[in-house]
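Q: any chance you can model this:
(chains A and B)
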Amino acid sequence: METSVKKYEEFEEKILNADDFIKPEKVKEEILSKYPPKVARKKSKQIIANRKDTENKHLEIQANVRTIPGIISQRGCCYAGCKGVVMGPTRDIINLTHGPIGCGFYSWLTRRNQTDPSTTPDGHNFMPYCFSTDMQEREIIFGGEKKLKEAIQEAYDIFKPKMISVFATCPVGLIGDDVHSVTKEMEEKLGITIFGFSCEGYKGVSQSAGHHVANNGLFQHVIGQDNTVKEGDYKINLLGEYNIGGDAFEIERVLTKCGITIISTFSGNSSVDFFANSHTADLNLIMCHRSINYVAEMMEKKYGIPWFKINFLSAGGMSRSLRKIAQYYGDQKLIDRVEEVIAEEMPPVIEAQNEVRPRLEGKLAMMFVGGSRAHHYQEMFREMGMIPFCAGYEFAHRDDYEGRRVLPNLKVDADSRNIEELFIEKDAERYNPRISEKELEEMKKNGIKLRDYEGMMNEMSDGTIVIDDISQFETETLVNTYRPAVFCAGIKEKYTIQKFGIPMKQLHSYDTGGPYAGYRGAINFYHEIDRMVNSKIWEHLKAPWEKSPELAAKYAFE
Amino acid sequence: MSALSMNGNKKLKEIIMLLRHTPKEIKERKSLTVNPAKTCQPIGAMYAALGIHGCMPHSHGSQGCYAYHRSTLTRHYKEPVMAASSSFTEGASVFGGQSNLLQAINNIFTIYEPDIIAVHTTCLSETIGDDIPQILGKARADNKIPEGKFVIHANTPSYVGTHVTGFANMTKAMVDYFAISNGHKEPKINIIPGWVEPSDMHEIKRIAAELEAPIVMFPDTENILNGPQTGKYEMFPKGGVTIDELVSAGSSQGTIALGGLASGSSARALDSKCKVPCEILDLPIGIKATDRFVDTLRKMAGVNVPDTITTERGQLIDIVTDMQAYLYHKKVALVGDPDQLISLTEFLVSIDMMPIHILTGTKDKNFEKRIEKITADVPHEVNIASGKDMMLYHQWVKNDPVDLLMGNTYVKYIARDEDIPFIRFGFPILDRIGHSYFPIVCYRGGMRILEKILEALMDRIDRDSTEIAFDLVM
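A: This is a model prediction of the structure:
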C-alpha cells in the first residue's frame, strides 16, 4: 500500500528544518538532562529525532519495555488490555472480574465502544453491567475459588448468558486461585462456554500483554464454534476495530455500499455469535495491528485466512484501503464499484477540507495514543494542512514503529516471556488457504502486500519527533517548547494540556464525539479540530487588569 | 444500522432498556456483585493526598491502579490529577517492590520536585507483604529523600473496606506522620472535612471565617481540584494543607471531624497522640446536621454566630416553607457513601420527604442503625442496606417506585429505564459539572440541594402535565 507521506513530505520538511524551528535533538537533550542518569540512558532510546539516513529509512526505537517507576506514564495494565479493550466491547458475554472491586468498577462503561444489540436475535446486552467477585480479605487468605464458582453459578441462574468469561486480577495469581480449573468445571456443569483469562495486572509491561492474552482466549474458546457460512460476497472480518464513537458503524456503511460483507468485527459492536463463525470469512482486515495481530496470524495458520493491513482513518486512508481490497479480490465488478463509491463519497469530504484548511494550515499537531492511532490519525491532520510532527505510542512494540520487518530481530524480554504464545496447527477439516503462496508473491510484486505493516516512523517526515511511552515530564517539555495547535492523547492528559491554554483532543475516547473513521467520520474530525483550535475561549484567558495592570489608587484624603 | 432511539417514542422505550437484564424479582446473591455501589481504597487515599500542598500521591502497585484512579478522579473533576506508580512487573510481584519504590522516590523528587510524596499500597503490594516503613527508612538512609522533604505512607489494601476507608487511612497518616503537640493549646480548631468536594471545603472554611474561628483544615483540595484556567499549567497548584499546618494540628485546642467513617480515625489519633480533644459529627448536609456543626464550632472556638449565618439558615428554611407542597411525602431512593447518606437522609426526613430506599456499598452496621433511627417515623416501608450493590438498589426501585433518585452518575441508567427524575449526588459524577464549584454542605449547600430537587420534580410535573392543568406560576 502506497504510503501517504510522499504527498506531504516537502511541505512539512520545509517547516521542520527551518532555522527558527527548535530541533528535536535539542529538545531531547533538554529532556534527558533533567533525568537521573539511569533513566536518561533508558529514555534516550525511546526519544527519537526522526531523521533518515542513507541506508535505513529511519532509526531504531526501543519499545515495549518496562515502565520506569515514578516517571508518570500513560500506561495501564494487562487486565485493562484484556478485559477493557478486547473483551469488553462484546455485548453478550458476561465479563466477570475475579478480584477486589476496583478493577471491575473502573472499567465499567468507561470506554466508548458502542454496540447495537438489535443486530443479534436475542438482543442480549451486558455492557451497562459490571460483574465482580469483590474479593475480600477472607478470599485473599483462604482462596477465592469457592466464591468464584458461586459467582459464576449466580450469574448463570439470574442472567442465563450464552457465555461467561473470567478475568484474573493482581491478587489471583499470587494467592494461587486457578481460574482455568474453576471455569472448566463450571463449563461442564452448566453447558455453556466459560473460560478464564490469566490477565493479572502485573503481567507484561502494559495493556499490550492483555491484548495478547485476550486474543489467545478468543482463539481457543470462541472462534470456530459455528461453521455456518453466511450469504454474501467478499466476506471479511474487521480486526482491531472497537467502534469507539461509532467508527465501525460508519466503516460498515461504506463497506456494505461497496458490496463487501462483514462477518465479524473484533471487537467493536460484537457478539459471540459473530466471533464463533468468523473463521468462515475469506479475508481478515486489520485496523489496530498491535492489539489483534495475534488473532490474524493464528487464523491464517489454522484456517488459511490471509490478512492485510488497512487504514480506515482519513479520506486518503479509506480510499486506498478500499482500492487495496478490490485489487486483492481482482474482481472487476468490485473494482468498479469501489471507484463509484469513492467518487460519490469524496465531494463533501473535499469541501470540508477546503473549509477548514485556511484556519489550520501549517499548524502543529502532536499525538501520543495507544498502539495504532498515533500513526493512523496523521493523515487526517495532513488533509487539513496540519503538520503531525510529534507522535508516539503508549504500549506498542517495535514493529508498530519500524514495521514488521524488524520482527525476526526482536527478542522477547523477561517481562513478556510469560505471555503464552499458542502453538497453532492447520485445522484438519477447515484449513483452506484462500490464496496460494504463488498468488501472494504476484500480489506483492503488484504492490499489494499481505501480512505486512510498514509502521509509523516510515510515514513521518524528516525532523519529526517520535517518543515511546511518553512521560508527563516529556509532555510538559514538548508543549512548552512548541506550543502546538492541538495535542492528542487520553483522559489523563486532557486537562493538563488545557491548563496550558492548548486545545486537547482525546484520541482514545474521542471526548464525546465520533465517528471519525470513513468519509463521514473524516468530515466530523475536520470540523472537530477546527472547533477546538479556533474556539473563542482561548482569547479570554487574561482579564483586562491582568493584561494592563496600571496601578489604581486613591489618596487618603480623597 | 438501526440506532437506538428513545426520544419521545414511548413504545420503543418499553422495549429498549439499558439495564434490560435486571429482573424485578430479587434473589439473594452471596458471591456475585453486580453494578457496585463502592470502589477500592487506593483511590480514596489518592484523593486525600491531593489535599496536601505540593504533594505527589504514589501508588505502590501495578501501574493499572494509578491509571484507573487518575482517570476516574480526572473525569469527576475535569482537572489534571497527578500521581506516580511503582509499576510492578511480575518480577517485583515475586521478589518484592522495594527496588521499584526506591527508584520511584528518586525519580519523582528529581524530575517532578514535590515537597512530599504520599505512598499508598494496593492489593498487590499488600498481598506480597511489602514493608513500606522499612523501604522508606532505606530511602532516607540512602539519601533518596532530599533535605526538608517528606515521604509518608498509608496501608490501603483494596480487598478491605472501600474507597472511604482509603481516604480515612491516608488522612490518618497525615496525623501519624506530622501532628506534634508543642505543649500548648493554640487558639485554633482542626477541621477534618471528610470526603467532600473542594467546594464544600471552601464553604466550611467560609463559615469558620464568618464566625472568626481560626481553623486548620486537612485534607484540603480547594484550589487543587477546582482551580482556574489561567493558560499556565502548574503541577502543584496553590491549594492544599501545608506541612507546617499539619504539624500545628497537634497543638490545636480541638478537632471537629465531619463524617465518622472518613474522619473519625484521624480525630481519635490526634486525641491519643497529641491530646487534642475531638468531636465527631455528621457531615453538615441539611438543616440539623449543619446546626450541630455550627453550634459545635462556635462553642469550641468560644465565638458568637454572626447574623449573616443565621440569615443563611433562615433562607434555607424559607425555601422549605415556600415549596413544601412539592416536597411533602415525595419518595426518594438514595445510594452512596455512609457519611453522606446519613446526613442526607436526615435532611430529607426533616423536610417531610420520604427516603424509602437507602443503600451503600460500604459494609457498616453503624450506618444501618443510624438510618433506621432517622427513618423510624417515615410512614412507609423503608429498605436499608450496607455492603450491597446497585443492582439491588434498582430492584428495590422496580418493586416500590419512587419520585426521585439520588446517587452517582451510574444511577442515570436506572433513571432512564424507570423514567424517574434523577439528581447526581456523591462520587463519582462523571457527566455533569458544578459539584466541585458549588457546595452541598452547610446552609447554602442545603439551598443548592433543594434547588436541584425542586427543579427535577417540578420539571417532571411540567413534562407530564395535561394541557388543562399546565400552570404558569408554581
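
Q: give me the most central residue, chain B.
A: Centre of chain B computed as the mean C-alpha position; nearest residue by C-alpha atoms, centre = their mean is B:W195, 3.4 Å away.

Q: does that residue touch B:A45 like I think?
A: No - B:W195 is not in contact with B:A45 according to C-beta atoms under 8 Å; the separation is 11.2 Å. The C-beta positions use only the backbone N, C-alpha and C, and glycine is treated the same way.

Q: so, low pLDDT: which residues of the chain?
A: Just so you know, I chose chain A. A:1-4, A:54-58, A:558 (pLDDT under 70).

Q: chain B, not that one
A: B:1-15.

Q: rewinding a little: tell me, what's touching B:W195 and B:A45 both at once?
A: Shared contacts of B:W195 and B:A45 (C-beta atoms under 8 Å, 6 or more residues apart in numbering or on different chains): B:F167.

Q: contact partners of the helix or strand that contains A:Q327?
A: Assessed by DSSP states H and E, A:Q327 sits inside helix A:315-329. Residues from elsewhere that reach helix A:315-329 (C-beta under 8 Å, 6+ apart): A:1-2, A:4, A:234, A:236, A:254, A:258, A:260, A:283, A:285, A:308, A:310-312, A:334-335, A:337-338, A:341-342, A:346, A:349, A:353, A:376, A:379-380, A:383, A:443, A:446, A:448, A:450, A:517-519, A:522.

Q: if we go to 7 Å?
A: A:1-2, A:4, A:234, A:258, A:260, A:283, A:308, A:310-312, A:334-335, A:338, A:342, A:346, A:349, A:376, A:379, A:383, A:443, A:448, A:518-519, A:522 (C-beta atoms under 7 Å, 6 or more residues apart in numbering or on different chains).

Q: and stretch A:117-125, by the same measure?
A: Against stretch A:117-125 from outside (C-beta under 7 Å, 6+ apart): A:91-92, A:115, A:161-162, A:271, A:273, B:2, B:20.

Q: which two from those residues end up farthest apart in space?
A: A:P161 and B:S2 (23.0 Å; C-beta to C-beta).

Q: circling back to that earlier point, which of the contacts of stretch A:117-125 has the largest number of neighbours?
A: When neighbours are counted by other C-beta atoms under 10 Å in any protein chain shown, A:S271 leads those with 26 neighbours.

Q: which part of chain B gets nearest to chain A, residue-wise?
A: For chain B and chain A, the shortest gap (C-beta to the nearest C-beta) falls at B:G64, measuring 2.6 Å.

Q: neighbours around that residue, how many?
A: By other C-beta under 10 Å, 34 other residues sit near B:G64.

Q: so it: helix, strand or coil?
A: helix (DSSP: H, G, I helix; E, B strand; the rest coil).

Q: grab the nearest non-local neighbour of A:M299.
A: A:I305 (4.8 Å; C-beta to C-beta, 6 or more residues apart in numbering or on different chains).

Q: name the residues of the stretch 251-400 of chain A found near chain B, please.
A: Residues of the stretch 251-400 of chain A lying close to chain B (C-beta under 7 Å from any C-beta of the partner chain) are A:252-253.

Q: part of a strand, is B:H120?
A: Yes - assessed with three-state DSSP, B:H120 lies in a strand.

Q: quick one, phi/psi of the residue lying closest to A:D530 once chain neighbours are set aside?
A: In space, and not counting its chain neighbours, A:D530 is closest to A:V356: 4.2 Å by C-beta to C-beta, 6+ apart. Note on A:V356: its backbone torsions stand at phi -90, psi -20 [degrees, to the nearest 10].

Q: now do the contacts for A:V356.
A: By C-beta under 7 Å, 6+ apart, the residues touching A:V356 are A:384, A:526-527, A:530.

Q: farthest pair in the residues you listed?
A: Going by C-beta to C-beta, the pair spanning the contacts of A:V356 furthest: A:M384 and A:H527, at 10.1 Å.

Q: quick one: the residue nearest to A:D530 and chain B, what's the gap?
A: Distance, A:V356 to chain B, by C-beta to the nearest C-beta, to the nearest Å: 24 Å.

Q: if we can go back for a sec, list only buried entries from the contacts of A:V356.
A: When the contacts of A:V356 are checked for burial by 16 or more other C-beta atoms under 10 Å in any protein chain shown, the buried set is A:384, A:526, A:530.

Q: for the last one, pull up the helix or strand it's in.
A: Under the criterion of DSSP H and E, A:D530 resides in helix A:518-533.

Q: what's in contact with that helix?
A: So helix A:518-533 is contacted by A:247, A:250-251, A:254, A:312, A:314-315, A:318, A:345, A:348-349, A:352-353, A:356, A:359-360, A:363, A:380, A:384, A:485-486, A:503, A:505, A:513-516 (C-beta under 7 Å, 6+ apart).

Q: now the strands: where do they sit in the chain?
A: Using chain A here. A:47-50, A:93-98, A:131-132, A:163-168, A:193-197, A:235-241, A:261-267, A:283-286, A:307-309, A:364-368, A:387-392, A:464-467, A:486-489, A:504-506 (DSSP state E).

Q: I was thinking of chain B, sorry if that wasn't clear
A: For chain B, applying DSSP E gives strands covering B:33-34, B:55-60, B:84-85, B:116-121, B:150-154, B:186-192, B:215-217, B:252-258, B:278-281, B:331-336, B:354-360, B:383-386, B:404-407, B:422-424.
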